[in-house]
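In: with the input below, show me the fold.
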Amino acid sequence: MTRAADGYKPDGAYFRNAIFHMDSLKAEGMPEWDFIECDPLLDSSQMSVNEWNAMGKLISENYDSYDGFVVLHGTDTMAYSASALSFMLENLNKPVILTGSQIPLCETRSDGRDNMITSMLIAGKGKVREVCIYFGGLLIRGNRAIKYSAQDMQAFISPNYPVLANAEISISYNESALLKPHRKPFHLRTFEDVPIGVIRVFPGIRFDLFESVLNGKLKGVVIETFGSGNVPDDNGDLIRLLQKAKEKGIIITVCSQCPKGTVDMSAYEAGSALRKAGAVSGKDMTTETAVTKLYYLFNKYSSTAQIKKMMEKNLCGELTE
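Out: Next up, the predicted model:
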């Protein structure tokens, strides 16, 4: 990003000049690296399934030529992209590290330099074999991350899974938290754009107002509920809505609005009704992961029953069974 009249905007020419003249990237101990630029460059708020596919294809096309990959990405949707890539890059056995900055590289106090250098060192080391986010000294599993702060230098947290590594004077890895190597060959599974929605429950919500939405083309919905999976009764409107969704083959996944903790739809009567109406538990997945996992499963399976089953299964470290 560089400064412009209406605010920061992507500037590939500035960035190329900056990194190719950054002495730290040529220092002893740094891995050898190449640079690939996507076209067009986008503010990360403009990311879509098409951009996830483009990133996945670039990694797949170059998979055998490199020991690891660093993806430079805006922070706003980084957790979505990291989650999408974690499913898309099946049987990944190399590090894919997403990173960026809170303060753009064009600014004197930018945190982008350290984030980029450390990400490259981690990718070159090859100790992790999964999609991660490195930011502000922490290496986090990509499909466990959420953007927590728009202001702090440590923008991302992993509320339901341990940090994979801490970068202090040295980089120390949490060996027991890392994914084990895959025995199956690497495979890229790109996504077709599937209509998926997110509904956040709030006190006094009128579920009947969402009936027209569910009667549309939606194939999957993530509901962000209270606590461990609770929703207001609303005179039974939600249950009737979910039953109609079930009849139409729409998959309803229940996540919690609480960053930390898990969904347990059997704990309270209000949650049990969701299960009886055919909803599946998102367990301790983030909303970002639940959404991207739906994309992945809809592109892998044709059976609604199979998709619902796999939503509750741990595929690549995204949930605790």
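In: so where do the strands sit in the stretch 51-200 of the chain?
Out: Taking DSSP state E, counting those that start in this stretch as the criterion, the stretch 51-200 of the chain contains strands spanning 69-72, 89-90, 96-99, 131-135, 138-141, 146-147, 156-157, 165-167, 171-173, 187-188, 196-200.
In: which of those strands is buried the deepest?
Out: strand 131-135 (a mean of 30; mean count of other Cβ atoms under 10 Å). To be clear about C-beta, it is placed using only N, CA and C from the backbone, and glycine gets the same treatment.
In: paired strands for that one, with orientation please.
Out: Note on strand 131-135: by DSSP bridges, its sheet partners are strand 96-99 (parallel), strand 138-141 (antiparallel).
In: turn those strands into a markdown table, including mean pLDDT and distance to Met22.
Out: Formatted as a markdown table, the strands paired with strand 131-135 follow (pLDDT from 0 to 100; distance: least, Cβ to Cβ, whole Å):
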| stretch | mean pLDDT | distance to Met22 |
| --- | --- | --- |
| strand 96-99 | 98 | 15 |
| strand 138-141 | 98 | 21 |
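In: check the secondary structure at Leu19 for me.
Out: I think there's a mix-up here, since residue 19 is Ile and not Leu. With DSSP: H, G, I helix; E, B strand; the rest coil as the basis, Ile19 sits in helix.
In: what's the neighbour count on it?
Out: Residue crowding around Ile19 was assessed by other Cβ atoms under 10 Å; the count is 17.
In: can you tell me how far the nearest residue to it once chain neighbours are set aside is from Arg113?
Out: The shortest distance from Ile19 to any non-neighbouring residue, by Cβ to Cβ, 6 or more residues apart in numbering, is to Leu25 (6.2 Å). Leu25 sits 9 Å away from Arg113, taking Cβ to Cβ, to the nearest Å as the criterion.
In: what's the worst-scoring helix or strand of the chain on mean pLDDT packed up against?
Out: Comparing every helix and strand of the chain by mean pLDDT, DSSP states H and E singles out helix 211-214 as the least confident one, with a mean of 74. When contacts are defined as 3 or more Cβ pairs under 8 Å, 6 or more residues apart in numbering; DSSP states H and E, helix 211-214 sits against helix 237-247.
In: ok, 10 Å please
Out: Contact analysis of helix 211-214 by 3 or more Cβ pairs under 10 Å, 6 or more residues apart in numbering; DSSP states H and E lists strand 196-200, helix 237-247 as its packing neighbours.
In: rank these by mean pLDDT and give me the bottom one.
Out: Note on the helices and strands packed on helix 211-214: lowest mean pLDDT is at helix 237-247, with a mean of 82.
In: and Met22, how far from Ser48?
Out: For Met22, the distance to Ser48 (Cβ to Cβ) stands at 30 Å.
In: the spatially most central residue of the chain and Tyr295, how far apart?
Out: Within the chain, one residue has its C-alpha closest to the average C-alpha position: by Cα atoms, centre = their mean, that is Ser83, at 2.7 Å. Distance, Ser83 to Tyr295, using Cβ to Cβ: 10 Å.
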